[in-house]
Each structure stands twice: as C-alpha cells, then as structure tokens.
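A.B. asks: what shape does this take:
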Amino acid sequence: MAASLLLLIPPVLLTLAGVVAFAGPKFRPRVAPLAVEGAALLSLLAALAAAVVLATGTVIDLPLPAAASIAAFLRLDAVSAVMTVLVTFVGWIVLRYSAGYLDGEARQGPFLGWMALTLAAVLVLVSAGHLALLVAAWIATSLTLHQLLLFYPERVEAQRAAHKKFLTARLADAALIGATAILWTTFGTGDIGRIAAEVGQAGQPAAISIAAGLIALAAVLKSALFPAQGWLTEVMETPTPVSALLHAGVINAGGFLLIRLSDVVTTSPGAMAFLVMLGGLSAIVAGLAMLAQTAVKTSLAWSTVAQMGFMILQCGLGLWPLALLHIVAHSLYKAHAFLSSGNAVDEIASARRPGPVATPSGVAVARAFAAALAIYAIIYALFGWVIGFDAKSPQSVALGAILILGVAYLIAQGLAGAAPRALTVRTALASLMAAVSYFLLQAGAEWLTRWTLPPTPEAGPLEWALIVLALVSFGAVAVAQALFPLWSGHPAALGLRVHLANGLYTNAVFDRLTGGWLHKPAKS
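C.D. replies: Numbers count the residues shown, from 1 in each chain. I've put the predicted structure just below:
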C-alpha cells in the first residue's frame, strides 16, 4: 500500500502547484516558480522511493474511486517505475529551467501552470493500471499540451502546429477508445493486468487483432510518425522548454502505450508488421530530412521523429525492453539538446575547422562497414563465451547490427586517407564501445523487465522478411550517407537535399487537406 500511495504523490503535488500558478499573478509571479519546481523535486523523490520499494519485485495495485462504479487502479511495476522516475526527473529540470527562461513574459504564471498540469497528466498515464484511467490521462495530456502550443497565440505558425496536433490527437484518441471498448467487451474488465494474463488464453479472436491494430494506430499518431509529423517540426514556435517537455513522456507516449499493452499487440502479426514498416520508414526519412535542415531546433525536431520511428520499429520487432530503454535514453539526451540549443548555435558560430575534411573513398567505406560488423560479431561471441549471454532472438541481433551500421559511418571517416591517426583510433574505439554497451544495456533491460513484459515472439516467415527488409534498408542508407561527400555536388544530390529539407512536402499536403493554411490566429 505504501508504494502505491507514493505513485499518488507526484500528480497530486503537480496539480496543486499548477493551481497555485494559475491563481497568482501572470507577470513575474513570485510563488509559482517555487511551487512548481518544489512540487517537481518532491515528485522525483517520491518516484525514487517507489522504485526502491519495487526492488522486491512485487506488483501492487491501489483501487481508486471512479465514476459509474468503474474501478481504476494505479499499477506499480518495472515499466511504471522507470517511466515515473524519468518523467519526474526531466520535468524537474525543465521547470527549473523555465523559471529563468520565461522571466519577464506576460503570461509566465499560466505557462508554468500548464507545464505542471501536463506533467501531472503524463504521470497518471504512465502509472495507470486500468484502461479507463489510461484513456482519461491520454486525452488530458494532449489537451494540456495544446495550451502550451498556443502560448504565443498571435503566431500563425503556432496556430497551424496546434491545429494539426489537435486533429491527429483526436484521431489517436478515437483509435485508443475503440481499442479499449473492444478489450473491455472481450475480457469483461478494464484491468490491464488481467487482460495481459488472459489474452494468451482467449483463442485469438478477430476482435483482439482489431484492438491491436487500433492501439498501433493510436501510438504512431501520438508519436508524430511520418507522414503526420508536421506539427512536431513546427513546435519551435513555442518556448524552448515545451520542446524539452515533450520528451517527458509526451511525444513518446505512443511507445509507452505499446509497451504497456504489449501482451495485446504481440498477438497480432499484422499490427507488428505495420509498426516495423512505418517505424522504419519514419526513421529513415526523418533521419535524412534532419541532415538537410539549417535551423538547430528544426533539426532536433526531425531527429525526434526519426528516434520515435526507431522506437516504434523496436516495438514492432517485439523488443519491448529495448524500446523502454530507448525511451529513457532518448528522453534524457533530447531534453538536454533542446535546453542547450542556444549554446549550440553560439559554439557553431565561433567554431573553426581544424584542417581539411577527411573524405572517405569507396574502398574506405567498404572497409569501415566490414570492420564494424566484424567487431560486432566478435563482441557478441565474447559475451556468449565469457558470461554466457545469448541474444534470445534474431530480432535483437538484427537491431544491434543496425546500430553498428550507424557507427560504421564514423569509422569510415577514420579510415579516410586524410584522416589523422588519432581520429582512426577514436572511431575504432567508438565501434567497440557501442557493441559492448548494446549487449550490456540489452541484458540489463531484459533483466529489469523480466516479470513485466512478454518475450520477443519467435521469428516466423513474416518476421524474417521484416528483419531482412530493415537490415537492407538501414544498411543502404548508412552506405549512402558515408559516400555522400563523393557525390554531394551532383545536381541530383542538390535536388534531393531540397526535397528532404521540405520533408518530401507531406506537411504541405497535410496543411491543404486540413485547411491549416487558412487557420487564423486567435486574438491575444
């Protein structure tokens, strides 16, 4: 009971702090920054305490009163504990940063209030153990974020981004509500734990496959995957702390939904294939579009789309522990990147190129990729020989190979003829550390979630086809990126850069279809 009560503390404290922020003065409030930052810090301490209590491996449910006699539960397990600590930590940092960043803004008080309420909604989402509570928090997170996107209501671009986010969010809400209705009707309960325990015994009726498809659709819409990424790439019209806050369980809520309902999603090969293909496509297109951007925050936004796509790809392959690990690592990295984006601009402006660019030849690129894959194979063999570690699925081996292909790009720079010896050594060490880190983190994530998440499904013909498709696709992009300096001056490459900089024009099509260009800004 004590551990479950700890889960109540963060959302309650942040909600009260939000009320204080709204009640105080809008311009340069004195109490609001202290209230929200203090609430966030206490929430982090409560989350850490809950995680420590969970070390016993016990799953604890706390019944809560709900309307229409529906029992709602807060669920404390490895997934909710990790997400609660992550959200409270990132939230505390962002709120602390916002106190100085927003100083002097006319509506600083309400801004801090909406930030606190958004975090409170996310904390309820990640700790929900009942479908009714999950759906309510899912919708609340979107509605509170909408107010932050409209912090500058006079900006046309902000209005357009909020308009598109509102439309995609409502579609995601409808999909999740539909999935909830199907699951509740099929199992006679909204308890996520009971559904997870019984879904394997349900004989796989078609209704469960439909529910899994709706869950997958809700996840990809929530996480702004291609081609519905337009609102995210325009979110920089809001204050920078909002972009950082997105990574505290907001933009990655789609991945969390898949992980939380992984027992249901795993039963549908079609839904899993959909996640692999759309996630992989989003990761590749957004990763290339990121390289063609000229603004730091826009590039970071495209990077987020790519990372969300890769996370969804992991879910589609059934690598649930690695997907959870990806959420944590990406959230910490990207929140820091947005908060320090101003410093990045200054550093780039004052940077001086130390010497000539080391352009790798085709032979150097081939050697680099062969070396990276060889290092990966050797490390995998050593892990199996020394500590008895064995990747339990071809999906996890393939994912590691994809990550190493990204490191191969760095090795190619080190093997270029003009590259200094120190660069060659550093890139070789980077590949070695990447392989070791992957296997260590994979083992740790699987151990942490061994009682909570389902195992990776056995690879059948469809799974093998998706694995091969992912390896070929990401491998081709990695090779093309490594060889790009050799053909960057070609007219076709210059034209491709323009198309990628515009996101293949999917955002413009979305604007036309939804009337985004005709959306008028609200009066301030």
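A.B. asks: who's in contact with the nearest residue to residue 500 once chain neighbours are set aside?
C.D. replies: Spatially, and ignoring its direct neighbours in sequence, residue 500 is nearest to residue 292 (4.2 Å; Cβ to Cβ, 6 or more residues apart in numbering). Glycine gets a C-beta too; all of them are placed from N, C-alpha and C. Counting by Cβ atoms under 8 Å, 6 or more residues apart in numbering, residue 292 touches 497, 498, 500, 501.
A.B. asks: ok, now which ones touch the residue nearest to residue 217 when sequence neighbours are not counted?
C.D. replies: Spatial nearest neighbour of residue 217, chain neighbours left out: residue 175 (4.5 Å); criterion: Cβ to Cβ, 6+ apart. Taking Cβ under 8 Å, 6+ apart, we find residue 175 in contact with 214, 215, 217, 218, 221.
A.B. asks: which of the contacts of residue 292 count as buried?
C.D. replies: 497, 500, 501 (16 or more other Cβ atoms under 10 Å).
A.B. asks: adding distance to residue 80, pLDDT and secondary structure, write those out as JSON lines.
C.D. replies: Below are those laid out as JSON lines (distance: Cβ to Cβ, whole Å; pLDDT from 0 to 100; DSSP: H, G, I helix; E, B strand; the rest coil):
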{"residue": "497", "distance to residue 80": "43", "pLDDT": "82", "secondary structure": "helix"}
{"residue": "500", "distance to residue 80": "38", "pLDDT": "83", "secondary structure": "helix"}
{"residue": "501", "distance to residue 80": "40", "pLDDT": "83", "secondary structure": "helix"}
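A.B. asks: out of these, which comes closest to residue 50?
C.D. replies: Nearest to residue 50 among the buried ones among the contacts of residue 292 is residue 500, at 43.8 Å by Cβ to Cβ.
A.B. asks: you'd agree that closest one is up against residue 286?
C.D. replies: No - at 9.6 Å, residue 500 does not count as touching residue 286 under the criterion of Cβ atoms under 8 Å.
A.B. asks: what number of residues lie near residue 433?
C.D. replies: Residue 433 has 12 neighbours, counted by other Cβ atoms under 10 Å.
A.B. asks: which elements pack onto the helix or strand where it lies?
C.D. replies: Element membership of residue 433 [criterion: DSSP states H and E] is helix 421-448. Helix 421-448 makes packing contacts with helix 320-339, helix 362-386, helix 394-414 when contacts are defined by 3 or more Cβ pairs under 8 Å, 6 or more residues apart in numbering; DSSP states H and E.
A.B. asks: could you give the separation of it from the chain centroid?
C.D. replies: With Cα atoms, centre = their mean, to the nearest Å as the basis, helix 421-448 stands 21 Å off its chain's centre.
A.B. asks: same check, this time on stretch 362-381
C.D. replies: Using Cα atoms, centre = their mean, the offset of stretch 362-381 from its chain centre is 29 Å.
A.B. asks: cool, and stretch 239-247?
C.D. replies: 13 Å.
A.B. asks: can you give the contact residues for it?
C.D. replies: Contacts of stretch 239-247 (Cβ under 8 Å, 6+ apart): 90-91, 93-95, 97-98, 101-102, 105, 111, 115, 118-119, 145, 148-149, 151, 232, 235-236, 297, 300-301, 304, 330-331, 334-336, 338-339, 341-342.
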